[in-house]
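**Q** Next come a sequence and a model predicted from it.
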Amino acid sequence: MTRDEMRERFGARLLQVGVFAVIAAAFAGLVTGTRQVPPQRGYTAAVAAPPPAPGDAPRAVSYLGWRTTRLGPNADLYEGAFEALIPHGKGEELLAQNPEALAARAARRAYEGAPPTIPHRVEAIATNECIACHDHGAAVFGKTAPIPGHRERSVCTQCHVPEQAAIPGGPPLTENTFAGLGAASPSHTAPPLEP
Amino acid sequence: MDRRDFVKGAAMAAATLAAARLAHGQGAPLVDPPRLSKGKDGVRWQKAPCRFCGTGCHVQVGTREGKVVAVAGDPDAAVNRGLLCVKGYHVPLALYGQDRLTRPLLRKNGRLEPISWDEALDVIADRVLKDPAGFAMYGSGQWTIPEGYAAMKFVKGGLGTNQLDPNARLCMASAVTGFLSTYGVDEPAGCYDDLDACDVLILWGNNPAEMHPVLFSRVVDRRARGQKVEIIDIGTRRTRSSTFCQHVLQFKPNTDLAIANGIAHLLLENGTYDRDFVERHCAFKADTSPATLHGRSVAFDEYKKLLAPYTPERVAEISGVPAEDLRMLADRFGQRDLRITSLWCMGMNQHTRGTAINNLVHGLHLLSGHFGRPGDAPTSLTGQPSACGTVREVGTLAHALPGGRVVDNAEHRAQMEDLWNVPRGRISEKPGYHTVEMWKRFSTPTEQGGDIHTIWVQVTNPGHTLPNTNALFTPSRSLPDKFLIVSDVYPTETTRAADLVLPSALWVEKNGMFGNSERRTQQWFKMVEPPGEARDDAWQIIAVARRLFDRGHPGMRDRDGRFLFHMEKDGKPVPTWDFRRYYDINVDERLFDEYRKSTELKHKHLAPYAEYVKARGLRWPVVEKDGVWRETRFRFAGFDDPFVKRGEPFEFYHSPTKDGRAQIWFRPYEPPPESPDGEYPFWLCTGRVLEHWHSGTLTMRIPQLRNAMPGAYVELHPDDARALGVSNGEIVVVETRRGRLEVPAWIDGRGAPPRGSLFIPFFDERRLVNQLTLEAHDPFSKQPDYKKCAARVRRRGETLEARR
């Protein structure tokens, strides 16, 4: 074996080990990352960690903990979000005929054509952070992130507001007698994967 | 105009003819149904501007069986091109809160009890006749143009006093004085088209991502189309808008004047100002002592000398904005080929130096020649849908008359007396009280000079929105001879304290016209009936005037002895004061077509009512040429403004110095009236949030908006929260020298104030932040400063002593 051959074989071996390590890490990450964690609701969870003092290094977070640890914008995105979504699977057919899905869809908008409200908490306001999931209807945990029914715009939160406030409380809601057009109409066909 | 446009135009003209004949709704020109409508659902679609902010988006309103059932963004509207914000999409729900006021209510033995409209009109007439001079009207920038005009005519042309002022005094008065002392005439020269053309957008204490979302996304969306727009945020806290900005310059409250002077200083020092533009079109002004609105003219050398102390280093020291950022701003203004648009709203206006900072920002654009080309404009925004149309143009202010006139000008008074056909001397030359003064006198006992005895409030909520309510509003409620009349649509802080409550029609429950921030006058027709006995605000004014006429008040007669609001149909008078007959004619059209005759003095020409029926608004001056009414996008610029002398690139034809020149002001930086100290160590700023509009009386009744933002909070910097031991959501006590408020803390919330600084939104009627604010106001505009005062914050239940 020439020195060159040895070097080549050693290099190939190193590559194999490296690829294996990457695959193993990714698999472990997938398993731990997708493990169901008891859902956390409410804003109190968001302040479990006191704000760091100036000069403090940010606390490292394990992969197991990242979904429940406040890490900045959209930290609470996952809390309760997926429960509220429509089950993923049959797509158009399911949405068009599933009365439950239609009712859920209608409950999220004041009238046919109104911008739907957001069933999960949102702190991000730049479009990129929203379309990370919503652009292609990302399938997560057996549910589907709804795809916008309109062309992409730059400020999602201009029209879409969360259903649950960051700081709760407030007076009891005054009843509103508005009866919106087409809301929950049984004859309505929901466009595929629209929120 | 292509063929399609022509056919469309012809069709619209035919529709207008039909429209001109009708009082409202029936047969009004319809708009194309939105894409979502199947057309078979029995929904009828018409146009209207949105009820909320001064952006002036047009919505398509869908009605069915007497109810509004949907809206859609109007794709034919130049303002919003089919898009709305979350408030706009939910505007129809504002009509249907279950607790709408539906009957007049009179306070009897401490309780508000239902009475008839007939009795209510008598009560008001009694109050007027008892003390005409002590009767005042307080309105707002939510009055439609005809409503404001009717109030103006009633008070100034009928009662013969000037006790009429609007809440817009609290909102954009400093913008007005800024325009007047710079250009000699009010309102922006540019328009929203600038937002499509600018390379640099500067936000001066402005958060349009939440307050004018449609305008903001109009700019930000350009980036998605591959255009380069640099957005610079100059503010006192990080906001949603900051997220989209390349530069966020955070300054110490009140030091924006130092920053503007610092930029001007650098432009002169570097020689990068627009020498040609300045020499041909500008002059310089500086303060007199004591300071006046129009100051004194100074030479360029003196101007330069006055600016000399504002070196980048000194300005950095005053403002906290690093010198290199100031140089960056000066660099942008110094580049001739860039297009720069400035936007501002309450940040610059609710300022004890509001007129001054308005002058300085106009001055920067003039000095650097960033003026009058598409994309180059200093543009102030308004918060209310008709702050411009009604307050500024009709002039529903204590010192003003329609069309830019003022009461202390004999010629102006005579012109209006002729238009109104009332006797010479009817209009008083003595200005009425501005808002703060009006309410102060209402809350002061008669024997101590409180000479305002009755205030009739329409379309606003002063018990909630006046500054320092503990001093200006609350005391009046325990004074026996003070009487508060409130026309509104829902119970508010003000109706709850009122002696007489009148139920009003809202938005598309009546005909209306608004004027938005870019000089665009808009019109809509009544589409649904108001609930119960709720009635149009303009009708209420006309009905009171008629009651006074019947009871012999001489002011309610014109020169010919006819009723002040005399209107005829087919040669016969129409009893518009009888609500059943109110829509026999289009009262809005009559009032507007009378009013528009007053708009030519200051070259704010408006088209006839029928033109606005066809259009999604028109920007004044609107001038007829060859039978076509043409709007104006860029005032004072020769290429677009029909009143600029032919061949001139620019002409400031209402120049305060009467020589066609705009004024570049020097106004010094001065410290604010109240600053944090040992006892009150925090800055307190107040403002709005995306979900709520004004005092939340409409938006808090819309479930989607209320659920997203159910209550006020105080934004705290995390370090301050930690030092105070306050956690997120914990109720804290915020105190100023004027009042105290319990409110939950929001740390790392939507906005991020710097250390030592608090922010509380003002929409929440259970947490009235205006118990804390300061009534100190700008000397010229009389606009109070809601944006800065000294406060302290502590945990509830813990006394200050215990903390020490």
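**A** Everything's here; your move.

**Q** Can you tell me how far the residue in chain A positioned nearest to chain B is from B:D748?
**A** In chain A, the residue that lies nearest chain B is A:G170 (2.6 Å; CB to the nearest CB). Where you see a C-beta, it was placed from the backbone N, CA and C, and this is true even at glycine. Counting by CB to CB, to the nearest Å, the gap from A:G170 to B:D748 is 20 Å.

**Q** again with B:D641
**A** In terms of CB to CB, B:D641 sits 48 Å off from B:D748.

**Q** Could you do B:Y669 as well?
**A** 32 Å.

**Q** who has more neighbours, the two?
**A** B:Y669 (23 against 19; other CB atoms under 10 Å in any protein chain shown).

**Q** for the more buried one, what are its contacts?
**A** B:N254, B:T255, B:L257, B:A258, B:N261, B:Y310, B:I318 (CB atoms under 8 Å, 6 or more residues apart in numbering or on different chains).

**Q** Narrow these to those in helices?
**A** Counting by DSSP state H, the part of these found in helices is B:L257, B:A258, B:N261, B:I318.

**Q** now, which of those sits nearest chain A?
**A** B:I318 (24.3 Å).

**Q** what's near enough to touch the closest one?
**A** B:K252, B:T255, B:A258, B:Y669.

**Q** and it, how far is that from B:P312?
**A** Counting by CB to CB, the gap from B:I318 to B:P312 is 11 Å.

**Q** And B:E65, by the same measure?
**A** Remark: distance between B:E65 and B:P312 (CB to CB) = 65 Å.

**Q** Please say which of those two ends up with more neighbours.
**A** Taking neighbours as other CB under 10 Å, B:E65 and B:P312 compare with B:P312 leading, 21 against 10.

**Q** Skipping its backbone neighbours, what lies nearest that one in space?
**A** Spatial nearest neighbour of B:P312, chain neighbours left out: B:A323 (3.7 Å); criterion: CB to CB, 6 or more residues apart in numbering or on different chains.

**Q** B:Y138 now?
**A** B:Y138 sits nearest to B:V457 (CB to CB, 6+ apart), 4.8 Å away.

**Q** Show the pLDDT at the residue of chain A closest to chain B.
**A** pLDDT, A:G170: 78.

**Q** which non-adjacent residue is nearest it?
**A** B:P710 (2.6 Å).

**Q** for the one you found, helix, strand, or coil?
**A** coil (DSSP: H, G, I helix; E, B strand; the rest coil).

**Q** My read is that it contacts A:G169, right?
**A** Yes - using CB atoms under 8 Å, B:P710 makes contact with A:G169 at a distance of 6.0 Å.

**Q** out of these two, which sits in the busier spot?
**A** A direct count of neighbours by other CB under 10 Å for B:P710 and A:G169 places B:P710 higher, at 21 against 15.

**Q** got the contact list for that one?
**A** A:A165, A:I167, A:P168, A:G169, A:G170, A:P171.

**Q** try 7 Å this time
**A** Contact analysis of B:P710 by CB atoms under 7 Å, 6 or more residues apart in numbering or on different chains lists A:A165, A:P168, A:G169, A:G170.

**Q** As a markdown table, the residues you listed with distance to B:H247 would be great.
**A** Listed next are the contacts of B:P710 as a markdown table, based on distance: CB to CB, whole Å:
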| residue | distance to B:H247 |
| --- | --- |
| A:A165 | 31 |
| A:P168 | 35 |
| A:G169 | 36 |
| A:G170 | 36 |
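
**Q** Low-confidence bits of chain A, can you list those?
**A** The model of chain A has pLDDT under 70 over residues A:1-4, A:6, A:28-98, A:123-128, A:140-143, A:183-195.

**Q** cutoff 50 now
**A** A:35-50, A:66-79, A:88-94, A:184-195 (pLDDT under 50).

**Q** how about the residues of it near chain B?
**A** A:43, A:46-47, A:50-51, A:54, A:110-115, A:117, A:125-126, A:152-155, A:158-159, A:161-163, A:165-171, A:173-181 (CB under 7 Å from any CB of the partner chain).

**Q** go again using 6 Å as the cut-off
**A** A:43, A:47, A:51, A:110-115, A:117, A:125, A:154-155, A:158-159, A:161-163, A:165, A:167, A:169-171, A:173-178, A:180-181 (CB under 6 Å from any CB of the partner chain).

**Q** Now for the residue nearest to B:P312, how many residues are close by?
**A** So B:A323, with other CB under 10 Å, has 16 neighbours.

**Q** Relative to chain A, how far out is the closest residue to B:R107 other than its chain neighbours?
**A** Excluding the flanking residues, the one nearest B:R107 by CB to CB, 6+ apart is B:D499, at 4.7 Å. With distances taken as CB to the nearest CB, to the nearest Å, B:D499 is found 24 Å from chain A.

**Q** right, and B:D499 touches B:F483 too?
**A** Yes - if you go by CB atoms under 6 Å, B:D499 and B:F483 touch, sitting 4.9 Å apart.

**Q** of those two, who's got more company?
**A** Higher neighbour count among B:D499 and B:F483: B:F483, with 24 against 18, using other CB under 10 Å.

**Q** which residues does that one form a beta bridge with?
**A** Beta-bridge partners for B:F483, by DSSP bridges, are B:T454.

**Q** gap between it and B:Q540?
**A** For B:F483 relative to B:Q540 (CB to CB), the value is 16 Å.

**Q** can you tell me if stretch B:204-222 touches chain A.
**A** Yes - interface with chain A: stretch B:204-222 contributes B:P213, B:S217, B:V220, B:D221 (CB under 6 Å from any CB).

**Q** Quick one: those residues as CSV, columns for secondary structure too.
**A** Listed next are these as CSV, based on three-state DSSP:
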residue, secondary structure
B:P213, helix
B:S217, helix
B:V220, helix
B:D221, helix
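
**Q** Neighbour count added to these, as JSON lines?
**A** What follows is these, written out as JSON lines (neighbours: other CB atoms under 10 Å in any protein chain shown):
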{"residue": "B:P213", "neighbour count": "27"}
{"residue": "B:S217", "neighbour count": "24"}
{"residue": "B:V220", "neighbour count": "23"}
{"residue": "B:D221", "neighbour count": "20"}
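
**Q** helix/strand/coil for B:A745?
**A** Applying three-state DSSP: B:A745 is strand.

**Q** so it touches B:V732, yeah?
**A** Yes - between B:A745 and B:V732 there is a contact under CB under 6 Å: 5.0 Å.

**Q** thinking again about what came up before, who wins on neighbours among the ones in helices among the contacts of B:Y669?
**A** Counting by other CB under 10 Å, top hit in those: B:A258 with 26 neighbours.

**Q** any idea how far B:R353 is from B:M211?
**A** With CB to CB as the criterion, B:R353 and B:M211 are 21 Å apart.

**Q** my bad, B:K440
**A** Counting by CB to CB - B:K440 and B:M211 are separated by 29 Å.

**Q** check contacts around B:F251.
**A** By CB atoms under 6 Å, 6 or more residues apart in numbering or on different chains, the residues touching B:F251 are B:S319, B:G320, B:V321.

**Q** Compute the number of surrounding residues for the closest residue to the second one other than its chain neighbours.
**A** This points to B:G320. Among residues not flanking B:G320 along the chain, B:K252 sits closest, at 4.8 Å (CB to CB, 6+ apart). Using other CB under 10 Å, B:K252 has 19 neighbouring residues.

**Q** name the element B:K252 belongs to?
**A** Using DSSP states H and E, B:K252 sits in no helix or strand.

**Q** just B:Q415 next, same as before
**A** Going by DSSP H and E, B:Q415 is in helix B:410-420.

**Q** outside of the helix or strand that that helix is followed by, which residues touch it?
**A** Next in sequence after helix B:410-420, counting helices and strands by DSSP H and E, comes helix B:435-442. The contact list for helix B:435-442, computed with CB under 6 Å, 6+ apart, reads B:136, B:165, B:169, B:450-452, B:455, B:466, B:472, B:476, B:482, B:775, B:777.
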